[in-house]
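Enquirer: take this sequence and fold it.
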Amino acid sequence: MPSRNHLDKIGRKKKKKWTEEAMEHALTQVKSGRYTVRQAAKEFGVPKSSLGDRVSGRVRPGSRSGPAQLITSADEELLVEFSSYVSKHGFPLTKRQLVSFASSIYKRQHRRVAFSKLGQTWWLNFRKRQGKNITVQAADAGARRARKVRVAKEALDYFFRILNSVLEAHALADKPQRIWNCNEVAFQLARKRATPPKSAARGCQSAPAFKDRVSVLACLNAAGADVPPFVVYSKAYPGGLCYKTRGPSSALYGCSDSGRVTSELFKKWFLGHFLLHAPKERPLLLVFDGHKSPLNLEVVETARREGVVLVCLPPHCSHLLQPLDAGLFPLIKRRFAALSGDADVTLFAVSKKDFSGVFKGAYQVTREDEGIGIVKESFRKCGLYPSCHFPLNRERLMSLQNTDAQPGDATAPNGVVSLALPGMSA
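Expert: Below you'll find the model as predicted:
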């Protein structure tokens, strides 16, 4: 990976002193027969070899010098515009995320390439080309660590400015059926087996054999309606098809190594499930924790095309802003524990194969008056509908005014290296 010093040395090399316009005039005169290559090069001040390459056809007119550009100028503009959109909706991109999205564009153009060629060299050159269009904001590590314990008031202010501007721009302030929230809840499963007793007096003991994790991505709106859940198993699907036939109606299923919703699974859910079951009225607002489920470039492009506005919750604030965490998920877990015969709501003695059947009974609460009422009240408490910047205890807030940030820095509330257009407002 080349260093900055190496790239600076390359940048200090002798640059061309002629313009493309002069080269075009010289090429026109040579092709018309008025000048020879030597005469035209001298008359218009362009290199004779470069002009000769264009006359012979070895180099196409307008071609840039150096190696071929990995991402076209049009796609670079798309990337800049994309970073502006996501920044305005609560999740500014880190350097790593932007390079990842750029790699997705590169792979889309070069489908046979198994790996991305975009690295530090591309990133630094991209920064030079797009320096007028993007601003790199340094992370404040101290503030980021502190936010894990307390909630930053600036982060909440920033989020509600975004939320209110979106609701006003799309006339959604009085349409609860179009305001959606999706969130992930985890179920830790433990199978138990009998272990041989160490002595006859102690008898047979029960000990955990191994644990499985199952996550459920639920999505409900401020009116209490839901999109069928997305069940994600750890490592592999259960054997047979009973997990589908016994589970909630129209539910979606997936698996990942960790049993969590990954970027690819979130894309699968959004493109093939949410858009299928969500209301046809547009626009829709989808509020979610984009920091746990990293966004996919295709998700954002499709959402904008389909009239779905994505808004991301600020990090370390989900316990205050997630409606489903506020009341529905604890109720579902209590129902699940009661149906499975467990007194503990943190560890369930249910197999992966039987999980969907038990979960179906627990998830039924979302269609009952109790569950619908809890969802509506949770949206109100979290300030999502009606939109309200609720007052918080000062002990739970943290001001960023006393951090080590330099004067004039426009650090986003997320406290990460982010990209945003200069002068961009929330």
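
Enquirer: ok, the nearest residue to G341 once chain neighbours are set aside to S340 distance?
Expert: Among residues not flanking G341 along the chain, A349 sits closest, at 7.6 Å (Cβ to Cβ, 6 or more residues apart in numbering). In this view, the C-beta of every residue, glycine as well, is placed from N, C-alpha and C. Shown here: A349 relative to S340, a distance of 7 Å by Cβ to Cβ, to the nearest Å.

Enquirer: more neighbours: which of those two?
Expert: Just comparing A349 and S340: by other Cβ atoms under 10 Å the higher neighbour count belongs to S340, 18 against 14.

Enquirer: can you pull out the low-pLDDT segments for the protein?
Expert: The model of the chain has pLDDT under 70 over residues 1-16, 62-69, 92, 110-117, 135-152, 191-210, 291-294, 389-426.

Enquirer: where along it do the strands fall?
Expert: 135-137, 151-152, 179-195, 205-221, 226-234, 252-256, 284-288, 308-312, 397-398, 418-420 (DSSP state E).

Enquirer: what's the third one packed up against?
Expert: What that stands for is strand 179-195. Judged by 3 or more Cβ pairs under 8 Å, 6 or more residues apart in numbering; DSSP states H and E, strand 179-195 is in contact with strand 205-221, strand 284-288, helix 329-340, helix 352-363.

Enquirer: out of those, indicate the one that is most buried.
Expert: strand 284-288 (a mean of 24; mean count of other Cβ atoms under 10 Å).

Enquirer: who touches V46 in this structure?
Expert: V46 makes contact with 18, 22-23, 26, 40, according to Cβ atoms under 8 Å, 6 or more residues apart in numbering.

Enquirer: OK, contacts around the most centrally placed residue in the chain?
Expert: Residue closest to the mean C-alpha point of the chain, counted by Cα atoms, centre = their mean, is L295 at 2.2 Å. Shown in contact with L295 (Cβ under 8 Å, 6+ apart): 86, 91, 263, 266, 310.

Enquirer: before we move on, the earlier item: how near is the residue nearest to G341 to N296?
Expert: From A349 to N296 the distance is 36 Å (Cβ to Cβ).

Enquirer: with E281 instead?
Expert: Taken as Cβ to Cβ, the span from E281 to N296 is 25 Å.

Enquirer: more neighbours: which of the two?
Expert: N296 (21 against 10).

Enquirer: mind listing what the nearest residue to the more buried one once chain neighbours are set aside touches?
Expert: Once flanking residues are discounted, N296 sits nearest to K267: 4.4 Å by Cβ to Cβ, 6+ apart. Each residue near K267 by Cβ under 8 Å, 6+ apart is listed here: 296, 298-299.

Enquirer: K95 is in contact with W123, correct?
Expert: Yes. When contacts are counted by Cβ atoms under 8 Å, W123 is listed as touching K95 (6.8 Å).

Enquirer: which one is F288 nearest to, not counting chain neighbours?
Expert: Nearest one to F288, counting by Cβ to Cβ, 6+ apart, is C182 at 4.8 Å.

Enquirer: give me the neighbour count for that neighbour.
Expert: Neighbour count of C182, defined by other Cβ under 10 Å: 23.

Enquirer: same question, A171
Expert: Burial of A171 is recorded as 10 neighbouring residues (other Cβ under 10 Å).

Enquirer: ditto for A343
Expert: Per other Cβ under 10 Å, the neighbour tally for A343 reads 6.

Enquirer: does it touch A337 like I think?
Expert: Yes. Between A343 and A337 there is a contact under Cβ under 8 Å: 6.9 Å.

Enquirer: so how far is P314 from H89?
Expert: In terms of Cβ to Cβ, H89 sits 12 Å off from P314.

Enquirer: okay, the two: which has more neighbours?
Expert: For the pair H89 and P314, the greater number of neighbours falls to P314 (27 against 21), based on other Cβ under 10 Å.

Enquirer: could you give the number of residues near the closest residue in space to the more buried one that isn't next to it in sequence?
Expert: Excluding its sequence neighbours, the residue lying closest to P314 (Cβ to Cβ, 6+ apart) is A155, at 4.0 Å. The tally of other residues near A155 (other Cβ under 10 Å) stands at 25.
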